[in-house]
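S.K.: Mind folding the following:
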Amino acid sequence: MADYPERIQAIKERMGQRLHILAHHYQSDQVVRHADSVGDSLELARRIPSLEAEHIVMCGVFFMAETASVLARQGQGVYLPAREAGCTLADLAPARIVETTLQELNRDGGRIVPLAYVNTSSAVKAICGRYGGSVCTSANAETMLRWALEQGDGVLFLPDKNLALNIADRIGIPENRRDFLLHPGGEQTGVVYIWPGICDVHTAFRTEAIREIRESDSKARVIVHPECAPEVVRAADASGSTSQIIAYVEASPPGSRIYVGTESNLVQRLKRRFAEEKSVLPLKSCDCPFMAQVTEERLAGLLEAISGGGAPRVEVASREASWAREAVNRMLQVCS
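M.R.: Numbering: from 1, shown residues only. Modelled structure (predicted):
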């Protein structure tokens, strides 16, 4: 059967407030239209502790569902329509290597504080909690890096090197106070130690595309995500998280032409929303293959399994969840 919208709506009506569906901005329109809450990673994390629903469905990738499970109350179940939906960044920072790296950085008695982008596993978030660190999103990375720098002798920023470099540029950390952490255990001299991870979506954007836009349309504006390479961020007019990109487009005057460098689902949604007022165009068409694994069909199947009592939950071991919650709550408190 392909009547997925009707099947989803029927279950939502039957379960009522016992069910709450969350969706990230990078999800397709077919999924987003069924969501009770839509947001970026920070907005969704803030939403979870206030939810009363017995069943919480995260339409996103696995680390988002883990974070939801960590923040959910006892008795609430968290579910993911596509449990295999991963994240390149999260995969590039295995917990065992992260902990070994921190041990090496702190072996001489210093205090290097870990700050993990939310695109990490709950195990990595738990390490951050145990070492007195926290997590950040692209929306609050500047605030959280400033906070982390005040907690010790330096910061291990992981796993996105581009986000680390762009935020370091923004708050004025000189290049001689940054270390690319390619060989842990060697002599380290920086104040910010940068994990060498990248997002395979946002690294696809190039300065050449921005230069071509400037040559053909001097009045066009460009905004990109801070997971893009630093030279791309410098060439753009602005950079920001998904929520900040939305706000930038909203605030742009009628008649504006805005090129957006981030995942295509968000860009196309903005294009349709403002079609009669301003032009919103993709800097380049880039889809996240992991987000795309959550489909309307899979959402319908999951909701039917939840309704029937047979859906597997996304669960995090209690000790790991406790430390990961500590790290996430530090972020929520600092950014409250």
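S.K.: residues in contact with stretch 329-336?
M.R.: Contact partners of stretch 329-336, identified using C-beta atoms under 8 Å, 6 or more residues apart in numbering, comprise 42, 45-46, 129, 133-137, 140, 143-144, 147. Yep, even glycine has a C-beta here, placed from its N, CA and C like the rest.
S.K.: which ones among those residues are found in strands?
M.R.: With strands defined by DSSP state E, the entries of the contacts of stretch 329-336 inside them are 134-136.
S.K.: Export these as TSV, with columns for pLDDT and distance to Arg319.
M.R.: Shown next, in TSV, are those (pLDDT from 0 to 100; distance: C-beta to C-beta, whole Å):
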residue	pLDDT	distance to Arg319
Ser134	98	18
Val135	97	18
Cys136	96	23
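S.K.: and stretch 155-174, how far out from the chain's middle?
M.R.: Computed by C-alpha atoms, centre = their mean, to the nearest Å, the chain-centroid distance of stretch 155-174 equals 16 Å.
S.K.: Please identify the buried residues of that stretch?
M.R.: Judged by neighbour count (16 or more other C-beta atoms under 10 Å), stretch 155-174 contains these buried residues: 155-169, 173.
S.K.: of all the contacts of stretch 329-336, which two lie farthest apart?
M.R.: Within the contacts of stretch 329-336, two members stand farthest from each other by C-beta to C-beta: Arg46 and Gly133, at 19.5 Å.
S.K.: If we ignore the residues flanking it in sequence, what's nearest His34?
M.R.: Ile8 (5.2 Å; C-beta to C-beta, 6 or more residues apart in numbering).
S.K.: That should have said Arg7, apologies.
M.R.: Ala300 (4.6 Å).
S.K.: Am I right that the one you found is in contact with Glu6?
M.R.: No. Using C-beta atoms under 8 Å, Ala300 is not in contact with Glu6; the gap is 9.0 Å.
S.K.: Looking only at neighbour counts, state which of the two leads.
M.R.: Ala300 (23 against 11; other C-beta atoms under 10 Å).
S.K.: low-scoring pLDDT stretches of the stretch 1-150 of the chain, where are they?
M.R.: For the stretch 1-150 of the chain, the stretches with pLDDT under 70 are 1-2.
S.K.: That one: strands as residue ranges?
M.R.: 19-24, 37-39, 55-59, 77-79, 112-117, 134-136 (DSSP state E, counting those that start in this stretch).
S.K.: can the ones you listed go into a markdown table with extra columns for distance to Leu281 and mean neighbour count?
M.R.: Output for the strands of the stretch 1-150 of the chain, formatted as a markdown table (distance: least, C-beta to C-beta, whole Å; neighbours: other C-beta atoms under 10 Å):
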| stretch | distance to Leu281 | mean neighbour count |
| --- | --- | --- |
| strand 19-24 | 22 | 24 |
| strand 37-39 | 22 | 18 |
| strand 55-59 | 26 | 26 |
| strand 77-79 | 35 | 21 |
| strand 112-117 | 27 | 27 |
| strand 134-136 | 29 | 27 |
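S.K.: I'd like those laid out as TSV, including distance to Ile198.
M.R.: Listed next are the strands of the stretch 1-150 of the chain as TSV, based on distance: least, C-beta to C-beta, whole Å:
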stretch	distance to Ile198
strand 19-24	19
strand 37-39	24
strand 55-59	24
strand 77-79	28
strand 112-117	12
strand 134-136	17
